[in-house]
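Asks: Just the structure for this:
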Amino acid sequence: MLHIEFTTDLGAKVTVDVESAAQLLDVQRQYGRLGWTSGSIPTGGYQFPLENEPDFDWHLIGARKWTSPDGEELIIHKGHAYRRRELEAVDSRKMKLPAAVKYSRGAKSSDPEHVREKADGDFEYVTLCFFRGGKRQDRYAAPARRSPARTEDQAA
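Replies: Reported below is the predicted structural model:
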């Protein structure tokens, strides 16, 4: 039996038993829908393949999509709003990087040092997720929405 510790959206610590590793992502999705998280953001953010970005299941990390009153799509994670940023490929003598998409926000003084990244000038930011390269992994995709069950009246 596996044990996974979640932090609820109100800060309580909850331990959940998981029968097998095969069920782990389903359990993370289940509790992530509630805004519960099972870890802290790693340095540089969570890393996923670029091909997973369009249908990534944000519940896996306790996050959700939200549209602002201005129509901007954001990702909400632990009360913070992260914006989508597209990064162009870099191909120079010193560096070669494929295109990427990242979700980030401006850093706050209360953010731990290890998650703060320097930008131009004095500006710092925090990256939640970074999508670059790699091969698509279906296990990170949001489950397809199922059509409503048919009733006997509809079947007739």
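
Asks: Of all the residues in the longest helix along the chain, which ones are buried?
Replies: If you go by DSSP state H, the chain has its longest helix at helix 24-32. Of the residues in helix 24-32, 25, 27-29, 31-32 count as buried by neighbour count, 16 or more other CB atoms under 10 Å. In this view, the C-beta of every residue, glycine as well, is placed from N, C-alpha and C.

Asks: So for it, mean pLDDT?
Replies: Mean pLDDT, helix 24-32: 95.

Asks: Assess the claim that H80 and G106 are in contact.
Replies: No. At 9.6 Å, H80 does not count as touching G106 under the criterion of CB atoms under 8 Å.

Asks: On the pLDDT front, check S147 for me.
Replies: S147 is assigned 45 on the pLDDT scale.

Asks: Likewise for the one 3 residues further on?
Replies: Reading off the confidence values, R150 has pLDDT 45.

Asks: For N52, see how far away the residue positioned nearest the centre of the chain is.
Replies: Residue closest to the mean C-alpha point of the chain, counted by CA atoms, centre = their mean, is W58 at 4.4 Å. According to CB to CB, to the nearest Å, W58 and N52 sit 11 Å apart.
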